[in-house]
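Student: using only what follows, build the 3D model:
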Amino acid sequence: MYQGKILNRKFYQYLFPTVLCVMATSLNEFVDSIIVSRMLGAEAMSLVNLGAPVMLAFAMLYVLLGVGGSAVYAVYAGRMEKKKADGIFTLTMIVSAVLIAIIILFGLFFTEPLAGMMCKSEDMLPQFVSYLRIVTFSGILILPLQVIISFMPAFGHPAIGTALNIIANVVNLIFDYVFIRILGDVRGAGLGTLSGYIAGAIVVLVLWQLKKVSLPFARITFKVGEELKGVVKHGISPSINQLGFCIKIAFSNWLAFEVAQMTGVTTFALCIQVVSILSIFIGGILGAVIPLVAALYGQRDFHGMRILMKTGLKLQFIINMVLLLILELWPEVILWIYGVGGEDAPAAISAVRIFSIMFVFRGFTVLFIYYLPIIKRSGYAMVISIIDGFAGVIPIEYVLSRFYGINGIWAGFTVTSVLLLIGVVITNYIISRRSEGAYSSFLLLENESREIPTFATTVEMKDADISRLTPSIQEFCKKEQVDDRIAVLTAISTEEMSLYSICHSSRIDYIDILLKVYPDHILMDFRSIGDPFDLTSADPEEYSNLAMLKKMVTTVDYNYVMGMNQTRITIRREANILNR
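Tutor: Below is the predicted model of the structure:
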């Protein structure tokens, strides 16, 4: 039975650092706003919120390259094509450099007109222009650093990405306080952001020079246009979602101002801080799940993908329900933190309670936005992103605000999330039905086992369990009309590989085995957690049965993918293979 012990263990091993990574960013926004509101007042916090679309535009770019590039990298790593994987990282960094040049030009010539479009208060505009210019030039460092951080889980080093994010954001918060004290306005917050990413960039360069972190730059040997298209396909949906978030924040700020003036803008800024809190865990889950799922897709391990996606979906639902309960019972805590009170308090409490409900539903759709491009449904993911980003929420919140005033804006976010999740469930069901069972009804995974007989199991690394495995595999092969001698060879190869894994590392306690019977060959994938070991380069004298194993099989490939040993063994189905 395929238990997923290894995959779930690796998921939770990744989850803690990725949650910390997102928490560093979210708490930075959270505490950043607290510092601004406490030191400069609620209106200054509103100015920071007005500038949020620019930061979200940067997020759109680094999500496009970071999420898309790391997903393609993981797929190639799962296929054991390391040179191509390294080339993908190099390509994304080159594109980042091109975008940096564009950001510089934009900052020089277009910051002031953009500020005038975003800020409608003439009194606050001069201060906002200065703040926005600093934030814009921060993008020169934000973009490459966040792309590198996005790749770290795919490199098997999520903790390093977390450390970089924490360093950048802690420095940001410290210098927020310092520069606001010196300058006395929101420019201090912008300079704090710039300082944080300067610190993060310095740390990356130092670690790279000391060989503590590997940035696998490599010569690009593939067709750039083709692979860049693949990166964009994997990253476009979450990127559009970031763009949509940028658009709907800008629109919601305008609508809140129209309905309730600066009080409405301040209340909306409070709701955005709630988003920062609730996004910590869904972002952490995405950071842990998506690279692993992409690698499994490269191996065509649909059993493992199903296990991981179900774990991620269940976990995000439980966490969001707990956080919702807390915010429904004690919304006053958020108001107290940001100094919102007096006459604004009742409306703000109502806003927090209504707005928070959406995350119970939106968590599912966000996971699908990142997941669907991996299974080659980027068009579908893009539609969900556009609806979630702006095409759904903007008209709904506008209409509801006409009937329910300012509360209609908050309700618009929740109603959109509910309707979109219902739409996704119905659409997936229709796709599955039309495929006549070729795809599963919820995750749309290929039911490959209908065409390709598959044997999937998780084995505890004990001699007795390995011995019991051998006859099971032999029987499975015979059932699928595999020649008797090839069936025996397959069973023996599985046993020898399992025994080699035990001998190599005491840390290995379980091994996943995925065996597929194709018309002309048998494919076996072995996965374990432990110290890296490469069967292809091992010395046969150190392990007596290794030479025999290599003679029995057709090919052996190895890669160390995201902290897991991945060995692939191929055996041709010709009956005379044993005569080699």
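Student: the one helix or strand Leu61 maps to: how far from the chain's middle?
Tutor: For Leu61, the host element (DSSP states H and E) is helix 52-78. Distance of helix 52-78 from the chain centroid (CA atoms, centre = their mean, to the nearest Å) equals 9 Å.
Student: how about stretch 200-216?
Tutor: Computed by CA atoms, centre = their mean, the chain-centroid distance of stretch 200-216 equals 22 Å.
Student: endpoint to endpoint, it covers what distance?
Tutor: Distance between the two ends of stretch 200-216: 19 Å, counting by CA to CA, to the nearest Å.
Student: give the contact list for the closest residue to Ala260 other than its chain neighbours.
Tutor: Spatial nearest neighbour of Ala260, excluding adjacent residues (CB to CB, 6 or more residues apart in numbering): Ile406 at 4.9 Å. For glycine as for every other residue, the C-beta is placed from the backbone atoms N, C-alpha and C. With contact set as CB atoms under 8 Å, 6 or more residues apart in numbering, Ile406 has these partners: Ala256, Val259, Ala260, Gly264, Thr267, Ala347, Ala351.
Student: pLDDT, distance to Phe179 and secondary structure added to those, as a markdown table?
Tutor: What follows is the contacts of Ile406, written out as a markdown table (pLDDT from 0 to 100; distance: CB to CB, whole Å; DSSP: H, G, I helix; E, B strand; the rest coil):
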| residue | pLDDT | distance to Phe179 | secondary structure |
| --- | --- | --- | --- |
| Ala256 | 83 | 28 | helix |
| Val259 | 82 | 34 | helix |
| Ala260 | 77 | 31 | helix |
| Gly264 | 74 | 29 | helix |
| Thr267 | 78 | 27 | helix |
| Ala347 | 77 | 32 | helix |
| Ala351 | 83 | 31 | helix |
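Student: widest-spaced pair of these?
Tutor: Using CB to CB, the pair of the contacts of Ile406 lying farthest apart is Val259 and Ala351, separated by 11.8 Å.
Student: show me which of these two is the more surrounded one.
Tutor: Neighbours per residue, other CB atoms under 10 Å: of Val259 and Ala351, the larger number sits with Ala351, 27 against 17.
Student: wait, the more buried one touches Gln273, no?
Tutor: No - if you go by CB atoms under 8 Å, Ala351 and Gln273 don't touch, sitting 11.2 Å apart.
Student: how close does the closest residue to Val289 other than its chain neighbours sit to Gln273?
Tutor: With sequence-adjacent residues excluded and distances taken as CB to CB, 6+ apart, Val289 is closest to Gly312, at 4.2 Å. With distances taken as CB to CB, to the nearest Å, Gly312 is found 25 Å from Gln273.
Student: could I get the contacting residues of Gln242?
Tutor: Counted by CB under 8 Å, 6+ apart, Gln242 has contacts Leu56, Ala57, Ala59, Met60, Val63, Gly389.
Student: that one falls within a helix, correct?
Tutor: Yes - if the criterion is DSSP: H, G, I helix; E, B strand; the rest coil, then Gln242 is within a helix.
Student: do you know how far it is from Ser276?
Tutor: Distance of Gln242 to Ser276, given as CB to CB: 14 Å.
Student: ok, now Arg468?
Tutor: From Arg468 over to Ser276 the distance is 51 Å, taken as CB to CB.
Student: next one: Phe217
Tutor: Distance from Phe217 to Ser276, counting by CB to CB: 34 Å.
Student: the more surrounded of the two?
Tutor: Each of Phe217 and Ser276 had its neighbours counted (other CB under 10 Å), and the higher figure belongs to Ser276 (20 against 13).
Student: any low-confidence regions in the stretch 101-250 of the chain?
Tutor: 118-124 (pLDDT under 70).
Student: check the chain too.
Tutor: 1-3, 24-34, 37-46, 49, 118-124, 337-342, 344, 504-508, 534-551, 574-580.
Student: what ranges does it have for its strands?
Tutor: Taking DSSP state E as the criterion, the chain carries its strands at 454-460, 510-517, 521-529, 555-561, 564-572.
Student: okay then, goodbye and thanks.
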